[in-house]
Every structure is written in C-alpha cells, then in structure tokens.
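Q: sharing a model that was predicted from the sequence below.
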Amino acid sequence: MMRSLTISVGRGDVEDLNAFLDERLLAFNVAATGIGDAAPLHAEVRDASGAIIAGVTGHTWGGCCAIAMLWVHEDQRRRGIGRALMAEAEAEAIRRGCGLVTLSTHTFQAPGFYARLGYEQVASIVDYPKGHAKIHFVKRLAA
C-alpha cells in the first residue's frame with residue numbers, strides 16, 4: 001500500500017538521485033549476474049584556455065560498453081574530434097575486454113556519423129521526440 005509513502009516529482013538537480021539509483025541498480029545487476037566489473041568511461045578535449053570543447057561518457061560492464069553521451073562544440077565539428085573521441089572510447093573498451101558498444105542517438109543528431117564509424121542500426125522508436133526518431137546502434141569490436 002502506498003498510503004504512507006510520498007512521491008515527489010521535480011525538475012531540478014538529479015545528480016544525487018542518479019548516483020543513488022546507479023549504486024542500487026549496479027548492486028542488483030551484480031547480484032543477478034555475478035558480473036561486477038562495471039566502470040565509468042569518459043574522455044574530454046579541452047582548448048588552450050582549458051574549456052571543454054568535446055567529450056564522451058559512458059560505462060563498461062560485462063564485456064559491453066554503453067556510450068551515454070558524445071558532444072562536440074559546434075565550432076569544432078567536422079574536424080575529426082568526435083571520431084577521435086569514439087576511437088579512444090572503443091580502444092579503452094577493448095582494453096577492458098569489451099566485445100561490443102551500444103549507443104542511441106536521434107534522427108536530428110548524428111545517425112550518419114555513427115554509421116560511418118561502423119555502427120549498425122538495430123532499432124528505432126518513431127516519434128521520439130514527436131516528428132523524429134530515436135535510433136539504437138551496436139558495433140562489434142575486434143580485439
């Protein structure tokens with residue numbers, strides 16, 4: 001029964017909640033699979049002043065790498081920075097024993113970029129967001 005529970009919905013900072021949920025879900029996943037090698041994966045590019053101009057985040061776990069975000073400053077796009085970051089992320093994933101990488105993007109973001117890097121579209125969700133689609137990709141890595 002939920003009568004004595006409180007649900008609060010917010011739009012503010014969620015870092016603490018994300019950290020809490022990540023910790024709990026990882027504990028559950030390790031207990032369910034026996035695989036406890038999860039680790040964050042990230043790389044960044046900074047300019048001469050120290051400002052971040054590009055970055056990639058994700059994690060590795062159980063022989064898989066999941067890329068969560070890749071961003072390159074609009075003034076720095078089409079210069080090979082995104083490709084270099086993805087190559088570094090894939091190389092680190094291989095060092096960690098991963099055999100595949102997964103990621104998602106939208107039709108208005110970079111599906112062509114990922115396809116050129118050898119990622120294969122495995123699913124899409126139409127109207128996410130409305131008028132567009134979310135596309136899921138996978139790439140098998142060679143050791």
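A: Arrived safely.
Q: give me the low-pLDDT residue ranges for the chain?
A: Applying pLDDT under 70 to the chain flags the ranges 1-2, 143.
Q: separation between the most centrally placed residue in the chain and Asp75?
A: Residue closest to the mean C-alpha point of the chain, counted by Cα atoms, centre = their mean, is Ala68 at 1.3 Å. According to Cβ to Cβ, to the nearest Å, Ala68 stands 23 Å off from Asp75. C-betas here are computed from N, CA, C, even on glycine.
Q: can you check Leu117 too?
A: 22 Å.
Q: compare those two (neighbour count), which wins?
A: Neighbour count, other Cβ atoms under 10 Å: between Leu117 and Asp75, Leu117 has more, with 17 against 8.
Q: pretty sure the more buried one sits against Leu141.
A: No: in this structure Leu117 lies outside contact range of Leu141 using Cβ atoms under 8 Å: 11.6 Å.
Q: quick check: longest helix of the protein.
A: The helix that spans the most residues within the chain, counting by DSSP state H, is helix 15-33.
Q: with only the CA atoms kept, save it in PDB.
A: Written as PDB, here are the backbone C-alpha positions of helix 15-33 (Å, rounded to 0.1, in the frame of the first residue of the first chain):
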ATOM      1  CA  GLU A  15      22.700  14.100  -9.600                       C
ATOM      2  CA  ASP A  16      22.200  12.700  -6.000                       C
ATOM      3  CA  LEU A  17      19.200  10.600  -7.100                       C
ATOM      4  CA  ASN A  18      21.100   9.400 -10.200                       C
ATOM      5  CA  ALA A  19      24.100   8.400  -8.100                       C
ATOM      6  CA  PHE A  20      21.800   6.600  -5.600                       C
ATOM      7  CA  LEU A  21      19.900   4.700  -8.300                       C
ATOM      8  CA  ASP A  22      23.200   3.800 -10.100                       C
ATOM      9  CA  GLU A  23      24.500   2.300  -6.900                       C
ATOM     10  CA  ARG A  24      21.400   0.300  -6.200                       C
ATOM     11  CA  LEU A  25      20.900  -0.900  -9.800                       C
ATOM     12  CA  LEU A  26      24.600  -1.900 -10.000                       C
ATOM     13  CA  ALA A  27      24.300  -3.900  -6.800                       C
ATOM     14  CA  PHE A  28      21.200  -5.600  -8.100                       C
ATOM     15  CA  ASN A  29      22.800  -6.400 -11.500                       C
ATOM     16  CA  VAL A  30      25.900  -7.800  -9.900                       C
ATOM     17  CA  ALA A  31      23.800 -10.000  -7.600                       C
ATOM     18  CA  ALA A  32      21.700 -11.200 -10.600                       C
ATOM     19  CA  THR A  33      24.600 -11.800 -13.000                       C
END
